[in-house]
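Visitor: any chance you can model this:
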Amino acid sequence: MRYHPAMWLIYALGAAILWGVNYAVSGRLLERGLSPFTLFLLDLVFGIVTIGGYILVTGKSRNIPSEVRGLGSNWPMLLVVMVCATAAGLLSFVAIGLKMPPSPHSSKSPTPFLSPRLHGSSSARCS
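Guide: Predicted coordinates:
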């Protein structure tokens with residue numbers, strides 16, 4: 001990638017816009033009964049297919065091992081990034097799901113493992 005002083009801003013704005021669209025559309029899907037885990041899994045599968053396909057088609061897959069080896073003793077930082085990105089993506093969908101009122105289209109909670117009933121509370125879920 002060639003350096004261009006203003007490109008970081010264009011990419012940052014693009015990411016912010018796409019994150020907002022993702023948030024809004026994810027909310028609609030979760031309202032209709034799709035679980036955060038299913039949505040996250042499908043999101044990951046789509047990412048693997050699209051980015052993996054791009055990397056294979058462009059021949060960039062040959063660079064992956066040397067790039068990772070090039071990290072040297074800093075490779076644990078790669079693990080931190082991967083864990084944080086994965087957790088943040090899942091937590092984002094879970095948070096959106098918990099914000100949603102119960103769906104009229106589905107009798108199941110969008111996040112059953114976080115349902116108040118599973119934590120011993122008999123009170124109704126807050127929205």
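Visitor: and the pLDDT at residue 2?
Guide: Taken from the predicted model, the pLDDT recorded for residue 2 is 76.
Visitor: number of nearby residues for it?
Guide: 4 (other C-beta atoms under 10 Å). Glycine gets a C-beta too; all of them are placed from N, C-alpha and C.
Visitor: over to it. Which of the three states is it?
Guide: Secondary structure, DSSP: H, G, I helix; E, B strand; the rest coil: residue 2 is coil.
Visitor: excluding chain neighbours, what is closest to the residue nearest to the spatial centre of the chain?
Guide: Nearest residue to the geometric centre of the chain (C-alpha atoms, centre = their mean): residue 89, 2.9 Å. Taking C-beta to C-beta, 6 or more residues apart in numbering as the measure, residue 89 lies nearest to residue 40, with 6.1 Å between them; neighbours along the chain are not counted.
Visitor: average pLDDT across the helix or strand hosting the one you found?
Guide: Using DSSP states H and E, the element containing residue 40 is helix 36-58. On average, the pLDDT along helix 36-58 is 96.
Visitor: and it, what does it pack against?
Guide: Taking 3 or more C-beta pairs under 8 Å, 6 or more residues apart in numbering; DSSP states H and E as the contact definition, the neighbouring helices and strands of helix 36-58 are helix 7-31, helix 75-99.
Visitor: out of those helices, which gets nearest to residue 44?
Guide: Distances from residue 44 to each of the helices and strands packed on helix 36-58 were compared using C-beta to C-beta; the shortest belongs to helix 75-99, at 7.9 Å.
Visitor: chain center to that closest one: distance?
Guide: With C-alpha atoms, centre = their mean, to the nearest Å as the basis, the distance from the averaged C-alpha position of helix 75-99 to the chain average is 7 Å.
Visitor: and what of stretch 21-29?
Guide: Taking the mean C-alpha point of stretch 21-29 and that of its whole chain, the gap between them comes to 12 Å (C-alpha atoms, centre = their mean).
Visitor: buried sites along that stretch?
Guide: Residues of stretch 21-29 classed as buried by neighbour count (16 or more other C-beta atoms under 10 Å): 26, 29.
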